[in-house]
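K.L.:
Okay, predicted coordinates and the sequence, questions at the end:
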Amino acid sequence: MSNALAARGLGKGALAALIAGVVGAFCLLFEGLWPWLSSYPNDWVLPASDAVGTAVKSGLDYVKPAARVFSTLMAYPMTAANTVLAVLPWPLLIAATVALGWRLGGGKMAAMAAIGLGLVLASGYWQQGMNTLALVAVSVPLALLAGAMIGIFANEFPRFRAPVQALLDVMQTVPTFAYLTPLLVLFGFGPVVGLIASAIYAAPPMARNVLLGLQRVEAEVKEAGVMSGGTRMQQLFQVEIPAAKVQIMVGVNQCLMAALSMVIIAAVIGGFNDIGWEVLLTMRKAQFGPAMLAGSVIVIFAILIDRMSATLAQERRRLWDGRISLAILLLGLVVSLVFWRSLGDPDSYQLLDPVANGLDSWLTDFTRANAELLTSFKNGVMFYVLLPLRIGLDQAILPFTWGFQWTSGMSLGFYAVAALVALGLALRGQLTLGVVVLIAAGILETGVSQLPWPFVLIGIGTLSWVAGGYRLALLSVVLLSTILVSGLWDRALLSLYLSGAAVFACAVLGGGVGVLSAVSPMAWRLVRPICDMLQTIPLFVFLIPVLMVFQIGEFSAFLAIIAYAIVPMIRYTRQGLIATPDEMIEAATASGATRWQMMRDVRAPYAAPTILLGLNQTILYAFAMLVIAALIGTTGLGQSIYLALGQADVGLGISAGAAMAILALIADRIVQGFAEERKKALGL
Amino acid sequence: MKTTTFACVLSAASLAAGMGHAAELGAVDKPIKLAINEWTGQHISTHIAGEMLKAAGYQVEYVTAGMMNQFQAIADGEIHATMEIWSSNVSDQYAEKITEGTIVELGDLELAAKEGIAYPAHVAELCPGLPAWEALKDCAPLFASAETLPAGRLVDYPADWGTPGADRMTGLALPFKAVPAGSEGALIAELRASTERKSPLLITFWQPHWAMSAYDVKFVDLPVGEEACFTDPAWGPNPDAVNDCDFAPSRIFKAAWSGTAETWPAAFEILSNYTLAVDDQQPMMGAIDVDGGEVTEVVATWMSANEDSWRPIVDAAIK
């Protein structure tokens, strides 16, 4: 049908926009007559979260005995890792890491290991750091094993690939907080819960990379395996997996990083005196400096683990002289033995405390000195951007905020201007854009949090149709309907508004910084370490300075989300722009393109799929941060999840977590759909 | 509430009369695990209890556990007792476990807690009528923010602790909008920023808390509450609403795993009879959070200086 319409001059996009626009206008016109159009009536809500709670709880009771056995079993490696790390004297552990660093990456990496662990020692968080490492040391093998099995399974049985992909998406998008309570009931209290939570989150990257690696093994290699007459198992383990080694190592690296970032979240439960718990304690006292210090320990671990494991993924890696490694190790052993008695408790070396306190008082001075400026900045963004977006122009424009009252006459005028613009665009042949302008005007006038639900359903449905066809449209509408009937709709819209605003800001700001970084290597040298830090430091740490400066509320949450979600946008934009093939650049240069033309007409279109992928990641990151942002008083799904964790309400936690995952999944599929289209258009 | 008072009087009386009877020590080789929650006051209460148990000849282990998430662990016997549960901030799960019989209550800690609408001292200069609550009627615009205009902003407890601040504002018909804080850290950050900037702030807060003295926090004087205030709209300054009075006093109590009494009878008795006063706890909190002392050292100093107050409880249980 779409083809027939397109032939008559009405594109797929224009049709979708028209449908959404008509539904929106219909809702606006008749909401006075039928109030259920604008807000979904409470009577129509099914008691889903209670039902989910009861069902899950009774289900849990069956699995509980087995889970408890598993818990007991896991406690052994856990205690073992912990004891080893706690008993070994620190000079030996540092020497071992430096020795490994030397073997993998030579002098540079050895120095990095020495400085990094030296800083951990000086921070006074050695013991907690080792506890965290013990947790990672057990959860990562678990995640690797699970991930590898899932990946191989999906490779062997192509029929199951789609459901497996969906499962991996769910594992990555349902916020950890949402399933901590059921895990606690299942596995009992203690570090095992943290271990399993981080394994759940860390397994998908491994599974994806294993699958990707196995799929990319060249046909000739596979055939050689078949010809030599091995069983399927032999082919797999002796031919295909070794051939996919490099891609699998990328998975190992990603898995390590994911586990490390999740260990902190799991600390909320307690039971293990680790870095996450320290961060939580300092966060409770709103001490930015100490929280930053404790958080930095994780950053150091993450950077060391990342850089060292990244060498494993290199195609032709070089090993450095093992004898020097042995010598370093021996030196560590000797130092440990000689100074055995005088080593003392590593937790007493709090050399960095002055730095932490300095940072803290700097923040205090900064807030005091710039109070006026910061408040007016915040009010500006709130009054002119966030509030209208949330509750619409008709309610946001008040004498207190804009200095005058928004009247219905102004509404009409506003719509009239939008209609004129739309008409102008339509006459110039840009019908889709015209209708989109009209829809945007309607959204702005109503406010995202008060959009009529039929419009949201149809609007997202048609958008999905444009991006990915009928199947995606059906999926989106069905999934969104489950949120609607579960009674979490209002909260979901609030989440959508806040993360939507943040993603938009990330796209503009991050895109800008990304372009700048692509153009100037100097800028990238400055931006890169900041990106590294923003991605690995425990998310909680961001909240304190934002709160100190801008107080509790939406604006602080907005900033915190941006701080975390902007990173992929910057990275992917830069990556996409600098990856333009040389021959295209040469061709453009030869035809006399200026630098600006080169950027706009050659690099940008080529980079579009990569940038869209970055946007996709930014969306997922924004949703992930939404839960953390609930700690500074937002009112969307994040708050529900946090509330459920506090009240040990399994049903609410899982329903809200599922709603969050649904929003993230739909956004992900739509953006990926557009990215695919761009790729095809470019012939990639 | 009445039964609580009665229980307090009873336990105090039994102590005074020296009626605690000696009990078996039980499994002295098996360590008793005490929960360490997220706040310093609780660390102090727990460490004192732990030291008392050690003095009685037990082994004690301190296990970090989230306040809200510890109850599953206690019910499973993975943690054996927790020393500071605030009635104002306890999850439904606790009630469930009590009904199940997997957790037993150990009576009051007798830490006289106070919750209320509070402000850092400098705010009294900005709104001169304070601490009388009536002053807030006219000062409200002073506290307004972008999210709450034209009403004033009250920073309330995180949503999962309930909305007592919002209830007061509605009850007293004050033109304030309550904003949930999200976390304790957020409350402290607000207090800190307000003190540094000398900006207005109205907040729902409680004591004992180290921030009370660190940021010189004062409570607003609200009409003293009676039972009727929470049930009868006619009671109090606002004839149309309930909750037009101060907070109902919150109870702080202890709880243990159901098997504790059987495994360590004397320890169960010590923990049941153990109490701690605000005047003892608050200075220790200051010594730790403001002066940077270690919990173990601060508690050890207090223990040796105040042996009279805790030794009798231990002796009554084991001798």
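P.N.:
In hand now; what should we look at?
K.L.:
Using the three-state scheme, assign residue B:34.
P.N.:
Assigned by DSSP: H, G, I helix; E, B strand; the rest coil, the conformation of residue B:34 is strand.
K.L.:
Likewise for residue B:205?
P.N.:
Classification of residue B:205 using three-state DSSP returns strand.
K.L.:
how near is it to residue A:309?
P.N.:
Distance, residue B:205 to residue A:309, using CB to CB, to the nearest Å: 47 Å. No exception for glycine: its C-beta is placed from N, CA and C like everyone else's.
K.L.:
And the two? Which one has more around it.
P.N.:
residue B:205 (26 against 19; other CB atoms under 10 Å in any protein chain shown).
K.L.:
you'd agree the more buried one is up against residue B:187?
P.N.:
Yes: judged on CB atoms under 8 Å, residue B:205 makes contact with residue B:187 at a distance of 7.0 Å.
K.L.:
where do the helices sit along the stretch 501-650 of chain A?
P.N.:
Applying DSSP state H, counting those that start in this stretch to the stretch 501-650 of chain A gives helices spanning A:521-536, A:540-550, A:554-578, A:582-590, A:595-597, A:604-629, A:637-647, A:650-682.
K.L.:
now the second one, how far from the centre of its chain.
P.N.:
This points to helix A:540-550. Distance of helix A:540-550 from the chain centroid (CA atoms, centre = their mean, to the nearest Å) equals 19 Å.
K.L.:
mind giving me the domain ranges of chain B?
P.N.:
B:2-112+B:251-318, B:114-230 (automatic domain parsing).
K.L.:
What helix or strand is the residue of chain B at minimum distance from chain A located in?
P.N.:
Proximity of chain B to chain A (CB to the nearest CB) peaks at residue B:73, 3.0 Å away. Assigned by DSSP states H and E, residue B:73 belongs to helix B:70-75.
K.L.:
what's downstream of that helix, the next helix or strand?
P.N.:
Following helix B:70-75 toward the C-terminus (DSSP H and E): strand B:81-86.
K.L.:
residues making contact with that following strand?
P.N.:
Contacts with strand B:81-86, where a contact means CB atoms under 8 Å, 6 or more residues apart in numbering or on different chains, come from B:32-35, B:37, B:41-42, B:45-46, B:49, B:65, B:70, B:74, B:94, B:106, B:109, B:111, B:113, B:250-257, B:260, B:271, B:274.
K.L.:
Which residues are in contact with the spatially closest residue to residue A:654 that is not a sequence neighbour?
P.N.:
Distances taken as CB to CB, 6 or more residues apart in numbering or on different chains put residue A:52 closest to residue A:654, at 5.4 Å, once the chain neighbours are dropped. Listed by CB under 8 Å, 6+ apart, the contact set of residue A:52 reads A:650-651, A:654-655.
K.L.:
Mind giving me the PyMOL command for buried ones among those?
P.N.:
Per 16 or more other CB atoms under 10 Å in any protein chain shown, the buried members of the contacts of residue A:52 correspond to this PyMOL selection:
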select buried, chain A and resi 650+651+654+655
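K.L.:
Near chain B, which residues of the stretch 501-650 of chain A? Just list them.
P.N.:
Contact residues (CB under 8 Å from any CB of the partner chain) of the stretch 501-650 of chain A with chain B: A:543-544, A:547-549, A:551-555, A:630-635, A:639, A:642-643, A:645-649.
K.L.:
For burial, what's the neighbour tally of the closest residue to chain B within the stretch 1-150 of chain A?
P.N.:
Per CB to the nearest CB, residue A:68 is where the stretch 1-150 of chain A lies closest to chain B, at 8.8 Å. Residue A:68 has 15 neighbouring residues, counting by other CB under 10 Å.
K.L.:
so residue B:45 makes contact with residue B:111?
P.N.:
Yes: when contacts are counted by CB under 8 Å, residue B:45 is listed as touching residue B:111 (7.3 Å).
K.L.:
most tightly surrounded among the domains of chain B?
P.N.:
domain B:114-230 (a mean of 20; mean count of other CB atoms under 10 Å in any protein chain shown).
K.L.:
can you tell if that domain touches chain A?
P.N.:
Yes: against chain A, domain B:114-230 shows contacts by CB under 8 Å from any CB at B:145-147, B:149-150, B:155, B:158-160, B:179-186, B:188-190, B:192-193, B:196-197, B:199.
K.L.:
tell me which residues of stretch A:130-141 are tucked away?
P.N.:
Within stretch A:130-141, the residues that count as buried by 16+ other CB under 10 Å are A:130-140.
K.L.:
ok, residue A:572 - how many residues close by?
P.N.:
24.
K.L.:
quick one: the residue lying closest to it once chain neighbours are set aside and chain B, what's the gap?
P.N.:
Excluding its sequence neighbours, the residue lying closest to residue A:572 (CB to CB, 6+ apart) is residue A:614, at 2.5 Å. Residue A:614 sits 29 Å away from chain B, going by CB to the nearest CB, to the nearest Å.
K.L.:
Please list all residues in contact with residue A:614.
P.N.:
By CB under 8 Å, 6+ apart, residue A:614 lies in contact with A:510, A:514, A:568-573, A:575-576.
K.L.:
so what's residue A:655 up against?
P.N.:
A:48-49, A:52, A:486, A:488.
K.L.:
roughly how far apart are the residue in the stretch 451-600 of chain A positioned nearest to chain B and residue B:189?
P.N.:
For the stretch 451-600 of chain A, the residue closest to chain B is residue A:547, as judged by CB to the nearest CB, at 3.9 Å. Using CB to CB, one gets 4 Å for the distance from residue A:547 to residue B:189.
K.L.:
ok, which stretches of the stretch 151-300 of chain B are strands?
P.N.:
B:152-156, B:176-180, B:202-207, B:217-219, B:252-257 (DSSP state E, counting those that start in this stretch).
K.L.:
Those strands into JSON lines, with extra columns for mean pLDDT?
P.N.:
Putting the strands of the stretch 151-300 of chain B into JSON lines (pLDDT from 0 to 100) gives the following:
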{"stretch": "strand B:152-156", "mean pLDDT": "91"}
{"stretch": "strand B:176-180", "mean pLDDT": "88"}
{"stretch": "strand B:202-207", "mean pLDDT": "90"}
{"stretch": "strand B:217-219", "mean pLDDT": "91"}
{"stretch": "strand B:252-257", "mean pLDDT": "93"}
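K.L.:
and the residue of chain A found nearest chain B, how many neighbours does it have?
P.N.:
Residue nearest to chain B within chain A: residue A:189 (3.0 Å; CB to the nearest CB). Per other CB under 10 Å, the neighbour tally for residue A:189 reads 27.
K.L.:
Could you pull up the contacting residues of it?
P.N.:
Contacts of residue A:189 by CB under 8 Å, 6+ apart are A:269, A:271, B:65, B:69-70, B:72-73, B:76, B:78-79.
K.L.:
Not counting residues beside it along the chain, what's closest to it?
P.N.:
Nearest non-adjacent residue to residue A:189, counting by CB to CB, 6+ apart: residue B:73, 3.0 Å away.
K.L.:
Please verify my assumption that the one you found contacts residue B:66.
P.N.:
No: using CB under 8 Å, residue B:73 is not in contact with residue B:66, being 9.5 Å away.
K.L.:
show me what contacts the closest residue to residue A:243 other than its chain neighbours?
P.N.:
Nearest residue to residue A:243, sequence neighbours excluded (CB to CB, 6+ apart): residue A:217, at 4.6 Å. Each residue near residue A:217 by CB under 8 Å, 6+ apart is listed here: A:239-240, A:243-244.
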